[in-house]
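[1] Here is my input; please provide its structure:
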Amino acid sequence: MDRRSFIKASGLTLAGTTGPLLPLAALAADEMLIGSIHDLSGGLDIYGKPMADCLTLAVEEQNAAGGLLGKKLKLMSYDPQSNMQMYAQFAQQAALKDKVAVLHGGITSASREVIRPVLDRYRTVYFYNTQYEGGVCDRNTFCTGVTPAQTVAKLVPYAMSKWGKKVYVVAADYNYGQITSQWVKKFVQDNGGSVASIDFFPLDVTNFGPTISKIEAARPDMVVSALVGGAHISFYRQWAAAGLQKKIPLASTTFAGGNEHIVLSPAETDGFLVSYNYFQNLDSPDNKAFKERFYKRFGKDYPNITELAMGTYQGFKLWAEGVRKAGTLDRNKLLDALESGISIQGPSGKVSLDPATHHCVLNVSIAEVKNKQLEIVKTFEQQQPSDTSAVCNLVKNPKDNQQYVIKL
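    Next up is the predicted model:
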């Protein structure tokens, strides 16, 4: 399945619309608006469409259960087309014109840092449901995705124990790749290894031939990839075409987040290692029940339920739990409720909001790619966001509002 076929097969159906939306005055008084800014087109749509699907399902389930605070929920979907200017435009529209109760959205850290100050200004609660590099400290923002202390800290030593201590890193050239690559370097060195090189690539780069030649010449024991987006999928194709898939093993902090393991062939990807909070083959009653509901809604041929999609589903559930506990959409009371230590039992297991960081305590697993599947090889229970907690304490400093670059 190529990238275009995968996107078509994902079966996206959204409540709400993209483009110009109805102002609040035109909506029924008993409706509550939920904002969704996810890339449905552009280079990041391989991540955005499954995230939007899971948010659609979560909203529909909430409505089937009677809504929230006596109101039905209406999903307002905005497609930023992987364009940072449109992220800013839609964040302002969602908060100021449409007056959404909450906004879920953003994929890259760059998009989050466009959205976040807008929602802070207009006091609209924001859930960023994507794995990222850590360090965001903002009382108005909740980060439900995994951070390096939860996944990279487990993936790197596990891979080194299998393959060796000399590591070559390739990463996306923006804050996620730049910061995550430094976490990779830290955990490599902490485990007695060395980093041969760290190479960065803009999101639109598709030619990796020169770097692949450099990697081959460096002869590392393994490669760690923190590449991002539809263009960077070319690296894995070119890696296999150069014959290195069978010579130098690869672990990734991002691979399969956009279903690359389905788009690519087993010959190109078998043996890769990844680490996330959620894999769709998790063997639990909660996950089995979720998958039944999901496939009933979107079809049994849906390619794969991704980590980022599940983060979005569970992020919505955490927000809804906070609303129920607060009994109101009043921002200050809602923030107090969300900071009270709430948790849900989600498809990935127990997920709790840490009051001090607004990040999640959750399970993580390492999986190996085998024949277009992600087979779990090891699980770590209830991992803390210890990287962000080293710099952020919103209980003590509720007015803190920045992204820290954590010193390693």
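
[2] List the residues that contact the most centrally placed residue in the chain.
    Against the mean C-alpha coordinate of the chain, by C-alpha atoms, centre = their mean, the closest residue is Thr130 at 2.3 Å. Taking C-beta atoms under 8 Å, 6 or more residues apart in numbering, we find Thr130 in contact with Tyr47, Met51, Gly106, Ile107, Thr108, Arg112, Gly145, Leu308, Gly311. C-beta coordinates here come from the backbone N, C-alpha and C atoms, glycine included.

[3] and with 7 Å instead?
    Residues near Thr130 by C-beta atoms under 7 Å, 6 or more residues apart in numbering: Gly106, Ile107, Gly145, Leu308, Gly311.

[4] Let's verify the closest residue to the first one other than its chain neighbours: helix, strand, or coil?
    Taking C-beta to C-beta, 6 or more residues apart in numbering, and ignoring the residues beside it in sequence, Gly106 has Arg112 as its nearest neighbour in space, at 4.2 Å. For Arg112, the secondary-structure state derived from DSSP: H, G, I helix; E, B strand; the rest coil is helix.

[5] so which strand or helix has the closest residue to Val152 other than its chain neighbours?
    Spatial nearest neighbour of Val152, excluding adjacent residues (C-beta to C-beta, 6+ apart): Trp183 at 4.9 Å. Using DSSP states H and E, Trp183 falls within helix 175-190.

[6] Name the residues of stretch 327-343 that are buried.
    With burial defined by 16 or more other C-beta atoms under 10 Å, the residues of stretch 327-343 counted as buried are Leu334, Leu335, Ala337, Leu338, Glu339, Ile342.

[7] Show the model's pLDDT score for the fifth one.
    Among the per-residue scores, Glu339 shows a pLDDT of 97.

[8] Touching, it and Pro355? I think so.
    Yes. The pair formed by Glu339 and Pro355 meets the contact definition of C-beta atoms under 7 Å, at 4.2 Å.

[9] Show me how far stretch 313-325 is from its chain's centre.
    In terms of C-alpha atoms, centre = their mean, to the nearest Å, the centre of stretch 313-325 is set 17 Å apart from its chain centre.

[10] May I have that stretch as CSV, with CA atoms only?
    The C-alpha trace of stretch 313-325 is given here as CSV (Å, rounded to 0.1, in the frame of the first residue of the first chain):
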residue,chain,number,x,y,z
TYR,A,313,-8.7,9.4,22.2
GLN,A,314,-7.4,9.2,25.7
GLY,A,315,-6.7,12.9,25.9
PHE,A,316,-10.4,13.6,25.2
LYS,A,317,-11.4,11.0,27.8
LEU,A,318,-9.2,12.8,30.4
TRP,A,319,-10.7,16.1,29.5
ALA,A,320,-14.2,14.8,29.8
GLU,A,321,-13.4,13.2,33.2
GLY,A,322,-12.2,16.7,34.3
VAL,A,323,-15.4,18.3,33.1
ARG,A,324,-17.5,15.7,35.0
LYS,A,325,-15.5,16.3,38.2
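
[11] after the helix or strand hosting Tyr47, next one along is what?
    In this assignment (DSSP H and E), Tyr47 forms part of helix 45-64. Downstream of helix 45-64, the next assigned helix or strand under DSSP H and E is strand 72-78.

[12] immediately after that next one, which helix or strand?
    The helix or strand immediately downstream of strand 72-78 is helix 84-92, counting by DSSP H and E.

[13] so what does that following helix touch, helix or strand wise?
    Packing partners of helix 84-92 (3 or more C-beta pairs under 7 Å, 6 or more residues apart in numbering; DSSP states H and E): strand 31-37, helix 109-122.

[14] got the angle between the last one and helix 175-190?
    In terms of direction (axes from the mean of the first three to the mean of the last three C-alpha atoms, to 10 degrees), helix 109-122 departs from helix 175-190 by 120 degrees.
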